[in-house]
Structures are given as structure tokens and as C-alpha cells.
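Peer 1: sequence unknown, structure follows:
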């Protein structure tokens with residue numbers, strides 16, 4: 001057995017094989033890791049241009065990035081601009097900083113996607129007149145389930161969607177609190193044992209109660225398309241785990257992410273919100 005303290009933190013598995021005398025296995029593991037990192041970075045480079053081009057076509061970003069080359073239909077401007085920007089980031093930052101920066105972006109995007117799944121599931125879809133007649137017999141999404149109305153009468157007075165929005169906000173807040181307690185409860189918070197246990201129980205109960213409130217409302221059902229199963233449980237667990245992983249990243253990663261997020265919000269509220277084709 002190899003003590004974990006003696007392993008290189010950047011190449012833990014490969015270094016473990018090297019220290020055990022299996023240099024060939026360590027070389028294979030290191031080569032696979034390098035290929036995986038390059039694959040992630042290259043895929044990010046490719047799909048980033050498509051996202052920027054689609055946002056520009058919808059009016060959320062500057063229209064110059066929506067221009068497509070006439071022969072290949074490739075977003076030439078976005079490829080040049082953001083390709084050069086990513087090249088500078090690769091030259092300025094080390095590999096660990098790039099991996100952490102990419103990780104926090106992906107985790108944040110997946111958390112936002114999970115929240116969007118819950119919002120859309122309890123939202124009434126836009127339908128035609130013929131579909132409205134078919135759905136007239138089914139309960140409207142966002143309304144309290146008829147079987148639970150006698151037991152949850154205090155929620156019946158809320159307008160459709162209001163209780164769902166409040167429950168979703170409480171769920172996200174309780175998930176952040178619960179993850180902070182789990183990640184920093186013993187070190188950063190300096191709480192006594194009873195205080196740590198009490199905060200852990202309160203945040204867990206609040207998370208479960210908000211999950212139960214969401215489950216008490218009618219969801220939108222479509223039989224002809226794929227839908228995420230076990231909503232709201234599946235996206236709620238995704239939010240909880242993603243935030244927990246994000247909290248274990250370094251402070252510098254959070255600082256870089258906050259700066260880029262602030263830049264994105266400035267672009268959106270300064271340009272995108274006024275030029276969006278969806279108004």
C-alpha cells in the first residue's frame with residue numbers, strides 16, 4: 001500500500017502505479033488523463049462557438065457573432081474571437097486552474113438546468129386550440145393535486161405557480177445551507193456539536209419539506225416526448241450534489257467565476273434584455 005500523503009496531488013493514480021513499480025500502468029493512466037483533459041477542452045471550444053452563435057441569433061448577444069460563413073455555415077467571428085480568448089487563458093493559467101474553472105462552470109450550468117427542469121415541469125405549456133380541448137379534462141400544471149386539497153387546504157388559496165416558485169426558492173436556499181454545513185461545519189463555522197447538529201437537521205428538514213410541497217402540485221405530462229423521471233426528486237438531488245462539489249473548489253476559482261458571471265450579467269442587462277427576440 002502507498003501512503004496517500006506521498007502521492008502527487010496532480011497525478012494521484014498514475015503516481016501510485018509508479019511507486020508500486022508498475023511504470024507501464026502509470027504511463028497508460030497518465031496518457032489517458034491527458035487525452036481526457038484535451039477532449040474536454042476541445043469539446044468546450046467547439047460547443048462554445050455554437051452557443052455564442054445561437055445566443056447572438058436570438059438577440060441575447062451582439063449580432064456580429066451570429067454571422068455564419070456562407071459555404072460551411074460556421075460561426076467564423078465567434079470562432080476567431082473566443083478561440084483567441086481561450087488561447088490567452090490557456091497561456092496565462094495553469095492546468096489545475098483551467099480544470100477547476102471548467103468544473104465550476106459545468107456544475108453551475110447543470111444546477112441551473114436542474115432548476116429549469118422543475119420550473120418547466122410545473123408550468124403550463126403553450127398549446128393550440130385543439131390541444132386546449134384535449135387538456136381541458138386534465139388538471140392544469142402548477143395547481144394543487146385534487147387528492148391532496150382536503151389535507152393541504154392552506155396551500156389551495158395560492159395562485160397557480162406561486163407556491164411552486166416559493167418552494168423552489170426555499171429548496172435551493174436550504175440546499176446551499178445544507179451543503180455549507182456539510183462542507184464547512186467542522187472547520188469554518190466553529191459551531192459546537194449541538195449547534196452543528198441543529199443546523200444540519202433544520203436545513204435537511206427544510207429541504208425535504210420544500211421537496212414534498214413541490215410534489216404536491218400537478219405536473220405537466222407529455223407522453224410523446226422524453227421527460228426527466230422522478231421530478232422534483234431527481235433535479236433536487238442534482239442541485240444538492242452540484243452545489244456540494246462547487247463548494248470544494250478553491251477561492252480563486254470562485255473569484256474568477258464571479259468575475260466572468262458579472263461580465264455576463266452586464267452584457268445581458270446592458271444589451272441582451274433589450275434586443276432579445278423573445279422580449
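Peer 2: Alright, I've got the coordinates. On a predicted model such as this, the values are computed, not experimentally measured, just so you know.
Peer 1: ok, how many other residues are close to residue 68?
Peer 2: Around residue 68 there are 14 other residues, counting by other Cβ atoms under 10 Å. Yep, even glycine has a C-beta here, placed from its N, CA and C like the rest.
Peer 1: Kindly report the same for the one 3 residues further on.
Peer 2: For residue 71, the tally of surrounding residues (other Cβ under 10 Å) stands at 6.
Peer 1: Tell me which residues touch it, please.
Peer 2: The neighbourhood of residue 71, defined by Cβ atoms under 8 Å, 6 or more residues apart in numbering, contains no residues.
Peer 1: and if you look at residue 210?
Peer 2: When contacts are taken as Cβ under 8 Å, 6+ apart, residue 210 is in contact with 167, 168, 170, 171, 174.
Peer 1: which intervals of the stretch 151-279 of the chain have sub-threshold pLDDT?
Peer 2: Segments of the stretch 151-279 of the chain classed as low confidence (criterion: pLDDT under 70) are 151, 153-160, 186-189, 223-224.
Peer 1: Which stretches in it count as strands?
Peer 2: Along the stretch 151-279 of the chain, counting by DSSP state E, counting those that start in this stretch, no stretch forms strands.
Peer 1: TSV please, covering the contacts of residue 210 and showing neighbour count and distance to residue 161.
Peer 2: Conversion of these to TSV gives the following (neighbours: other Cβ atoms under 10 Å; distance: Cβ to Cβ, whole Å):
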residue	neighbour count	distance to residue 161
167	23	11
168	21	10
170	17	15
171	25	15
174	22	20
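Peer 1: Specify which member of those is nearest to residue 37.
Peer 2: When the contacts of residue 210 are ranked by distance to residue 37 (Cβ to Cβ), residue 171 comes first, at 33.9 Å.
Peer 1: What separation is there between the closest one and residue 204?
Peer 2: Residue 171 sits 12 Å away from residue 204, going by Cβ to Cβ, to the nearest Å.
Peer 1: Just say helix, strand or coil for the closest residue to residue 267 other than its chain neighbours.
Peer 2: In space, not counting the residues next to it along the chain, residue 267 is nearest to residue 61; the distance is 7.0 Å by Cβ to Cβ, 6 or more residues apart in numbering. Remark: residue 61 carries the secondary structure label coil [criterion: DSSP: H, G, I helix; E, B strand; the rest coil].
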